[in-house]
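Novice: Next input, structure requested:
(chains A and B)
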Amino acid sequence: MGSATRGIEKLGAAGLVLEAILVSLLGILLLVGFIVLRRWYRARYFHKRSLHTVALRSQWNDILSGKIPAENWRFNPLDCDIVESILLDSIEMSPADELSPLLDCLRVSGLLDMRIYEARTSRGLKQRTALLALGRTRAMEAIPALAAGLDSPLRETRIAAVRGLGRTARVEAAIPILDRIVTGQFDAPERSLKNALVNCCRSNPEVLVNYVEETQGPVRELLARVLGELASPELGEELLVLASDVLPEVRASAARALGNTNASYTLPALHSLASDPEWFVRLRAVVALGQIENIGKINILLRSLCDTNRHVRQRAAWALARMEPQLHQILEDVVATKDDYALQAFVSELERSGAIDKIVSGFTGSGLHSAETALMEVVAEARKRVELTGQAVAAAAGAK
Amino acid sequence: MIAHFLAISNDTLFIYYALSNVIYLGLLIVAIVKNVRHRHRLGSQRLELMKASPFTPPITLIVPAHNEERSIVGSVGALLGLDYPYLEVIVVNDGSDDATMEKLREAYQLQTARILYIADIATAPLRSIYRSRVDPRLFVLDKEAAGCKADAINAGINAATSPYICVVDADSILEKESLIRIMAGVFADPGRVMAVGGIVRVLNGSRVVNNQIEEVRLPKSPIEVMQVIEYLRAFLVGREAWAGFNMLPIISGAFGVFQRDLVLQVGGFRTHAVGEDLDLVIRMHRRLHEEHRSYHIDFIPDPTCWTEVPTDLKSLARQRARWHKGLIDTLWPNRDMLFRARYGRVGWLVLPYMWIFEFLAPVIELVGYATIILALISGELSKTFFLQFLLFGYAFATLISIGSVLLEEMTFRRYSDWREVARLLCYCFFEHFPYRQLTMFWRLQGIWQYLHGDLQWGSMKRVGISTGPVA
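Specialist: Residues are numbered from 1 along each chain as shown, chains lettered A, B, ... in the order given. Purely as a prediction, here's the structure:
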């Protein structure tokens, strides 16, 4: 070996290249070897796992009821992994009243305690896997261990803890997350936090309201977005407070939430939000208006149809075009606005939804041929003007 | 004097070659880490909630079609069947000479539509706009040919009503969940994410039923398999790693989502640009940097678009020459971005990389071959060193190719049969000799054609999609 190295040293630059060749060839061998071995190992493992799964599935009821003692499978790592997977999958899919035997099996077999122990004492991938598995158990006793994971100095572990808490889908699991994020010091991706909070607070969004009121800035925006996704009529007039918030994101979320309610205050609140200075708040308000059943929204949507922002106009047109019984009247009102862009947005949307055929056939049926013709002439004229404006814009852009 | 020149030239070549491979090795390592992480996180994506939410933003698919009578009806049907809640499909018939328009009219019962069309971006004249009676989400713009795909896409952008547009080739196949998956990248940070690219994979050889991939297989001919390796390396390694540093220079024209307003702000796709996709993304970087906006142009490796690649050398040569022309055609007008602080890492890293290791690569390689042979003949270079250098270059580049296959193995494993993987691995050993030298020649042709003002696209021979059983 020593003589080989000395030989390379004598070669100088050529020796360096020779070393590089050897390293590259070794790299190739290692990569190819790794791929082949990985394939072989995986094929073998999945075959073995499949056989064990069949065996365990055939005795599943006895395993669940405890007739087959946990010791029979618990200390075989493969069997233990299979049983845990089946249990966790079943827990995720089961309604609350069917959870009890599954959770009992986890508790009696010691699987739950093992995962709690791993989540508290392990590090790295093992800890993160344990945190996620704990979340999937949806067990109350898992929450403290998951909450402890939120204080890890490692970001990946904190993310796993957030995801785990989210998986429990219990409002109690939201509290540790909320307590930490209100400090403004908790570092985890917004998307993970949002997903977890949505899962946990789905059945009880009221819990978020106090936190929204206590916070400021980006944290307040985040909580408002979660609230926007979950808000229900039970939240009541709390939403009105959010609708007049100073932060546009919060107002936008309130608009979104109002789309899920249909109370007496919904329409006035959305009316106000539909004329917000921020276009995305107006957009959310218009989308929300599209969701609620209330004829009173027509006038608000007609005004939004003349909005300066194209997205707002289009969404307003989208919402109006779906109000089938009132379409004739709406079309007349749109023509009356004398706003070519509004008219074109609406007619385009009628085309898209296929409703224009119904309008035209409605005219024919009612003998209002002249009205139909007049309307279509107005549409054609407006379209020409819009096209001319567009060409002018394009020409101006080209000239620049 | 000549000896001195040859020595310097050979040293430069050696450093260039080693540096190029070391950079790619670095990109491979970054890509492996990113891909594996992404794979782990896929499980927690709430696609079903995105599909159900009324706040999921609408998206417009723009399908430029020029003489696509063979595949257009099936392709449009597949696009309309994509799993996305608010979808609009705009097919732009770009003055086809064949029966593309008739096929569409017949299959989707097209009727003249009275929709808003404002030419925010100037295009060739529009003949008519149609809407489908079968599916109201489908619109067809019939326009006069402008001789370039960009013009057709621009017409589609003008007609699009959604805040996001996705450009899809008419002969490509998108997987059912690909749109919602690619949009998940946008939902992650809608304020900052301006565009997202998905992966494009080679369709040749796979079995397709009802315009959906039924079974993924490797193509039979070596030339197509080589392209499979190239695509894996380009997308899973190159794009994934560049996107990780927010320096993604290109989103494939076959599959990418863009914020419509931003595309309009930069003037749409540049008409007559040879590489319109690369050109657009570089101009987006430029604009966003000039406006000091915080943004991200991302790549996501799981939303997949399957596309047919050339099956014969002639078509492949034309395609590679065109790609290289597109590269020059983008780099040259944007040369003022090089090493300028206002363009950040795009100006300091990715553009210089593209100039040195992409655009100049075939020239440097050719000069390198010439000087090495000269040095060998004149005795300035020992035969042993020459052979060692060749072997090193070959081995290192092969290592990177195998790394790409490994990455595919560790993440998406689309080629599930071990024989397919074995074939892929075998072809990695032939990619750098003689395939690499052929592509070098084609890229040189591209430079030559560009310098002589030949900016034609050229045609590609298509064999069509296999729908029969796999042997």
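
Novice: any idea which residue sits dead centre in chain A?
Specialist: Taking C-alpha atoms, centre = their mean, the centroid of chain A lies closest to A:N195, which sits 6.3 Å from it.

Novice: Report all helices and strands that the host helix or strand of it contacts.
Specialist: Secondary structure assigned from DSSP states H and E places A:N195 in helix A:190-201. Helix A:190-201 sits against helix A:155-168, helix A:171-181, helix A:206-214, helix A:217-230, with contacts defined as 3 or more C-beta pairs under 8 Å, 6 or more residues apart in numbering or on different chains; DSSP states H and E. To be clear about C-beta, it is placed using only N, CA and C from the backbone, and glycine gets the same treatment.

Novice: switch the cut-off to 6 Å
Specialist: helix A:155-168, helix A:171-181, helix A:217-230 (3 or more C-beta pairs under 6 Å, 6 or more residues apart in numbering or on different chains; DSSP states H and E).

Novice: Turn these into JSON lines, including distance to chain B and mean neighbour count.
Specialist: JSON lines is the format used below for the helices and strands packed on helix A:190-201 (distance: least, C-beta to the nearest C-beta, whole Å; neighbours: other C-beta atoms under 10 Å in any protein chain shown):
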{"stretch": "helix A:155-168", "distance to chain B": "6", "mean neighbour count": "24"}
{"stretch": "helix A:171-181", "distance to chain B": "15", "mean neighbour count": "20"}
{"stretch": "helix A:217-230", "distance to chain B": "8", "mean neighbour count": "21"}
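
Novice: Which stretch among those helices approaches B:I90 most closely?
Specialist: Proximity to B:I90 (C-beta to C-beta) singles out helix A:217-230 among the helices and strands packed on helix A:190-201, at 30.5 Å.

Novice: Taking helix A:171-181 as reference, get the angle to the closest one.
Specialist: Helix A:217-230 and helix A:171-181 meet at an angle of 160 degrees, taking axes from the mean of the first three to the mean of the last three C-alpha atoms, to 10 degrees as the criterion.

Novice: any idea of the angle helix A:217-230 forms with helix A:206-214?
Specialist: Between helix A:217-230 and helix A:206-214, the angle comes out at 150 degrees (the same axes, to 10 degrees).

Novice: for whichever helix or strand comes after helix A:217-230, what is the average pLDDT?
Specialist: Note on helix A:217-230: by DSSP H and E, the next helix or strand toward the C-terminus is helix A:238-243. Averaged across helix A:238-243, the pLDDT comes to 83.

Novice: Flag every residue of the stretch 51-200 of chain B that's near chain A.
Specialist: Counting by C-beta under 6 Å from any C-beta of the partner chain, the stretch 51-200 of chain B comes close to chain A at B:54, B:113-116, B:118-119, B:122, B:131, B:136, B:161, B:163, B:188.

Novice: Most widely separated two among these?
Specialist: B:R114 and B:A188 (37.6 Å).

Novice: Any stretches of the chain with poor pLDDT?
Specialist: Let's take chain A. For chain A, the stretches with pLDDT under 70 are A:1-16, A:233, A:361-400.

Novice: that's the wrong chain, I meant chain B
Specialist: Along chain B, the model assigns pLDDT under 70 to residues B:43-46, B:54-55, B:116, B:456-471.

Novice: mind listing the strands in it by residue range?
Specialist: Per DSSP state E, chain B carries strands over the ranges B:59-65, B:87-94, B:110-112, B:126-132, B:138-143, B:164-168, B:173-174, B:193-202, B:207-209, B:212-215, B:255-259, B:296-307.

Novice: As a markdown table, those strands with mean neighbour count would be great.
Specialist: Below are the strands of chain B laid out as a markdown table (neighbours: other C-beta atoms under 10 Å in any protein chain shown):
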| stretch | mean neighbour count |
| --- | --- |
| strand B:59-65 | 25 |
| strand B:87-94 | 25 |
| strand B:110-112 | 15 |
| strand B:126-132 | 19 |
| strand B:138-143 | 25 |
| strand B:164-168 | 26 |
| strand B:173-174 | 26 |
| strand B:193-202 | 25 |
| strand B:207-209 | 15 |
| strand B:212-215 | 15 |
| strand B:255-259 | 25 |
| strand B:296-307 | 23 |
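
Novice: What residues does the stretch 301-450 of chain B have near chain A?
Specialist: So far as C-beta under 6 Å from any C-beta goes, the stretch 301-450 of chain B lies against chain A at B:385, B:388-389, B:391-392, B:395-396, B:398-399, B:402, B:406, B:409, B:418.

Novice: Export stretch B:333-347 to PDB, keeping only CA atoms.
Specialist: What follows is stretch B:333-347, C-alpha atoms only, in PDB (Å, rounded to 0.1, in the frame of the first residue of the first chain):
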ATOM      1  CA  PRO B 333     -30.300  40.000 -24.100                       C
ATOM      2  CA  ASN B 334     -29.900  39.600 -20.400                       C
ATOM      3  CA  ARG B 335     -26.100  40.000 -20.300                       C
ATOM      4  CA  ASP B 336     -26.400  43.200 -18.300                       C
ATOM      5  CA  MET B 337     -27.600  41.200 -15.300                       C
ATOM      6  CA  LEU B 338     -24.200  39.500 -15.000                       C
ATOM      7  CA  PHE B 339     -22.300  40.400 -11.800                       C
ATOM      8  CA  ARG B 340     -24.700  43.200 -10.900                       C
ATOM      9  CA  ALA B 341     -25.500  43.500  -7.200                       C
ATOM     10  CA  ARG B 342     -29.100  44.500  -7.900                       C
ATOM     11  CA  TYR B 343     -29.800  41.000  -9.400                       C
ATOM     12  CA  GLY B 344     -28.300  39.200  -6.400                       C
ATOM     13  CA  ARG B 345     -27.400  35.600  -6.600                       C
ATOM     14  CA  VAL B 346     -29.100  35.300 -10.000                       C
ATOM     15  CA  GLY B 347     -26.600  37.800 -11.500                       C
END
